[in-house]
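Novice: Take this sequence and fold it.
(one chain, ligands or ions: 1)
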Amino acid sequence: MKRFENKVCFVTGAGSGIGKATALAFAKEGAQVVVTDINGEAAGQTLNEIKQISNTRAIAITLDISQREQVENAIQNTVNAFGRLDCAANCAGVAGPLSAKTHEYPEEFWHQQIAVNLTGNWFLLKYQLEQMLKNGGGNIVMLSSAAGLIGQPENSPYAVSKHGIEGMMKTAAIEYATHNIRVNSVCPTAIETPMIMHGRRNLAVNKEARNEAINFQRMKRMGKPDEVADVVLWLCSDESSFITGSSIKADGGALA
Ligand SMILES: NC(=O)c1ccc[n+]([C@@H]2O[C@H](COP(=O)([O-])OP(=O)(O)OC[C@H]3O[C@@H](n4cnc5c(N)ncnc54)[C@H](O)[C@@H]3O)[C@@H](O)[C@H]2O)c1
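Specialist: All right, here's what the predicted structure looks like:
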């Protein structure tokens with residue numbers, strides 16, 4: 001029997017990078033997967049890839065996690081389709097389009113990162129926990145960051161929002177510890193995904209930034225999305241049954 005057979009697993013940000021790798025990994029392990037992303041086309045593409053590698057049931061939902069009603073409806077649609085919710089991998093996130101010190105950071109992108117990374121993840125927790133209480137249990141993994149544990153120069157709202165995720169994760173872990181619900185986070189450093197290759201730091205073309213990102217890890221390489229997905233699945237599985245309220249670093253030794 002596969003590790004996630006008969007489990008209903010909900011993934012945000014599943015159209016790209018870590019979320020996509022996580023959705024595919026759940027499907028390979030037999031889960032029924034709810035693939036969500038603000039980019040509906042990308043979510044549909046992930047769903048097609050799932051259908052090619054697995055015969056488990058899966059659906060795609062277009063979801064902007066910063067919109068409370070959309071989050072509430074997405075959880076309701078999950079329950080309508082599958083009857084329950086066992087695991088949630090909350091991977092969706094944004095890192096802002098630019099680098100600037102705190103006193104120069106534009107207000108507009110402050111609000112954007114807080115709305116998605118912080119408030120959006122709170123909306124997710126709110127409705128996921130409500131459903132897991134009805135199911136009698138569940139597992140939630142928040143995609144935090146090393147920037148949830150230490151500062152991130154020139155991206156203050158990112159560090160603030162990720163530190164906030166750590167706070168809500170630990171609080172929920174305590175509140176639901178006796179309700180058979182575990183809540184943990186994964187804190188990666190540089191993982192080779194579109195967010196860092198083509199985003200704020202544009203590592204695909206900026207060689208200096210790319211070398212800096214590679215050298216930050218003691219392993220002298222960036223991580224791969226699958227290496228983070230493996231940690232997410234482990235945290236959602238019974239193999240981590242005594243772990244809740246933990247922040248697991250996936251950082252190639254960077255913060256050691
Ligand atoms: N890549 C890294 O180096 C790294 C390091 C630490 C933490 N993280 C975190 O990992 C998570 C995944 O990042 P990634 O590197 O795979 O990025 P990515 O950009 O490849 O994927 C992020 C996905 O989230 C989706 N998304 C963006 N805003 C959304 C919203 N409002 N609602 C729903 N979906 C939305 C995007 O459409 C995209 O498909 C993020 O939370 C990120 O902060 C990434």
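Novice: tally of neighbours for Val35?
Specialist: For Val35, the count of nearby residues is 32 (other CB atoms under 10 Å). In short, each C-beta sits where N, CA and C put it, glycine included.
Novice: Which of the helices or strands spans it?
Specialist: Val35 is part of strand 32-37 when elements are defined by DSSP states H and E.
Novice: List the strands paired with that strand, with their directions.
Specialist: Strand partners for strand 32-37, identified by DSSP bridges, are recorded as strand 8-12 (parallel), strand 58-62 (parallel).
Novice: Now tell me what touches the first one from outside.
Specialist: Spelled out, that is strand 8-12. 19, 22-23, 26, 31-37, 63, 65, 74-75, 78, 82-92, 124, 128, 236 (CB atoms under 8 Å, 6 or more residues apart in numbering).
Novice: 6 Å instead, please
Specialist: 19, 22-23, 26, 31-34, 36, 65, 78, 82, 84-92 (CB atoms under 6 Å, 6 or more residues apart in numbering).
Novice: what is the mean pLDDT for the strand holding Val35?
Specialist: For strand 32-37, mean pLDDT rounds to 98.
Novice: what do you get for stretch 144-156?
Specialist: 98.
Novice: Ok, stretch 71-90 next?
Specialist: pLDDT averaged over stretch 71-90 gives 98.
Novice: Return the backbone torsion pair for Ser79.
Specialist: Not quite, residue 79 is Val, not Ser. phi -70, psi -40 (degrees, to the nearest 10).
Novice: ok, Leu233 touching Leu24?
Specialist: No: checked against CB atoms under 6 Å, the pair Leu233 and Leu24 is beyond contact range at 10.7 Å.
Novice: who are the neighbours of the strand ranked longest in the chain, in terms of helices and strands?
Specialist: Longest strand in the chain, counting residues (DSSP state E): strand 181-188. Contact here means 3 or more CB pairs under 6 Å, 6 or more residues apart in numbering; DSSP states H and E; on that basis strand 181-188 packs against strand 138-143, helix 156-175, helix 225-236, strand 247-250.
Novice: Go again with 8 Å.
Specialist: Packing partners of strand 181-188 (3 or more CB pairs under 8 Å, 6 or more residues apart in numbering; DSSP states H and E): helix 121-135, strand 138-143, helix 156-175, helix 225-236, strand 247-250.
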